[in-house]
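>>> Pasting the sequence and the predicted model now:
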Amino acid sequence: MPFATCTDQAKIYYEVRGAGEPLVLLSGQANTHHWWDRVHADFAAVHQTIVLDYLGTGQSDKPADAEYSVRRFAGDVISILDELGIARAHVYGTSMGGKVAQWLAVDHPDRVGALVLGCTSVGGAHGLQASPEITRALAQADPERARQVLVDLMYSPEWVRANPGPYGTLGDPSMPVHARRGHLRASNGHDSWAVLDRVTAPTLVLHGTDDVFSPADNAAILAGQIPDAELHYLDGARHAYFEEQREEASAVVLRFLADHPLR
């Protein structure tokens, strides 16, 4: 199995598919690479895609005493690129993966080609959070009811009726408690507001207009902080816009990447 060894010696699992300019796909909080299963083929048909299981998820190590932060996860991506001998790659991050992608572009500008940020936020005082009612509903003791809340945040009822699952976006059930808490701290601790003007990568920001998990106004806030960023809304989409509006979302991303080839 392919693993990269990170600076603290943790092993991070990754997979590579396809051929072409490399593209790293970054999933949401507490999720494995299976987050991308429904749309992965769209990108692997054109690019050499790299997906991974974050520290604490899937087949990667799950140490209790490690640092869990989105900036650390960005460093883990660099370890994978080094393992593969890839000097530069495009990066597409969604939800918490979009936060990881922001730090890749800030901390490692020479390693990032085009940058795509989906359903994500600048975090901190300037990022918009889900309402307290949503947070309480997700934290309720009944796991099946909490799961249903999450499904409703991800997808419209109409799409769920036509696509009954299983869904790869609802979290990794194998995560130990310490890793799940670490991911929550990592995502909640993200704050890139003051450094996003350092992003030099061509950037596309995507967001569903009906996303209340990461409120849709986050997209304009984020795009406004990144020099010359483009902004694209997917009308009527919720948090998992990339699945529910796959045809439009994948086409927009692939067109953007084609317009900004690696140099």
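Happy to help now that I have it.

>>> Okay, buried residues for stretch 80-99 please.
Neighbour counts over stretch 80-99 (16 or more other C-beta atoms under 10 Å) mark 80-81, 84, 86, 88-99 as buried. All C-beta spots, glycine's among them, are computed from the backbone N, C-alpha and C.

>>> And stretch 222-241, by the same measure?
Of the residues in stretch 222-241, 222-223, 225-226, 229, 232-234, 237-241 count as buried by neighbour count, 16+ other C-beta under 10 Å.

>>> At which residues are the helices of the stretch 51-200 of the chain located?
Under the criterion DSSP state H, counting those that start in this stretch, the stretch 51-200 of the chain contains helices at 70-84, 96-107, 132-138, 143-154, 157-162, 177-188.

>>> Including mean pLDDT and distance to Val212, could these go into a markdown table?
Shown next, in a markdown table, are the helices of the stretch 51-200 of the chain (pLDDT from 0 to 100; distance: least, C-beta to C-beta, whole Å):
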| stretch | mean pLDDT | distance to Val212 |
| --- | --- | --- |
| helix 70-84 | 98 | 22 |
| helix 96-107 | 98 | 17 |
| helix 132-138 | 93 | 7 |
| helix 143-154 | 95 | 7 |
| helix 157-162 | 96 | 14 |
| helix 177-188 | 96 | 16 |
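
>>> Please work out which of the ones you listed is packed deepest.
Compared across these, helix 96-107 shows the largest average neighbour count, a mean of 26 (mean count of other C-beta atoms under 10 Å).

>>> Please name the bridge partners of the closest residue in space to Gln59 that isn't next to it in sequence.
Take Gln59 and drop its neighbours on the chain: the residue closest to it by C-beta to C-beta, 6 or more residues apart in numbering is Tyr13, 3.9 Å away. For Tyr13, the beta-bridge assignment (DSSP bridges) gives partners Phe3.

>>> go on, the one 10 residues further on?
Leu23 forms beta bridges with Thr49, His90, as assigned by DSSP bridges.

>>> was I right about it contacting Gln48?
Yes. Between Leu23 and Gln48 there is a contact at 6.9 Å, judged by C-beta atoms under 8 Å.

>>> who's more crowded, those two?
Applying other C-beta atoms under 10 Å to Leu23 and Gln48 shows that Leu23 carries more neighbours, namely 25 against 19.

>>> list the contacts for that one?
Applying C-beta atoms under 8 Å, 6 or more residues apart in numbering, we find Leu23 in contact with 43, 47-50, 89-92, 257.
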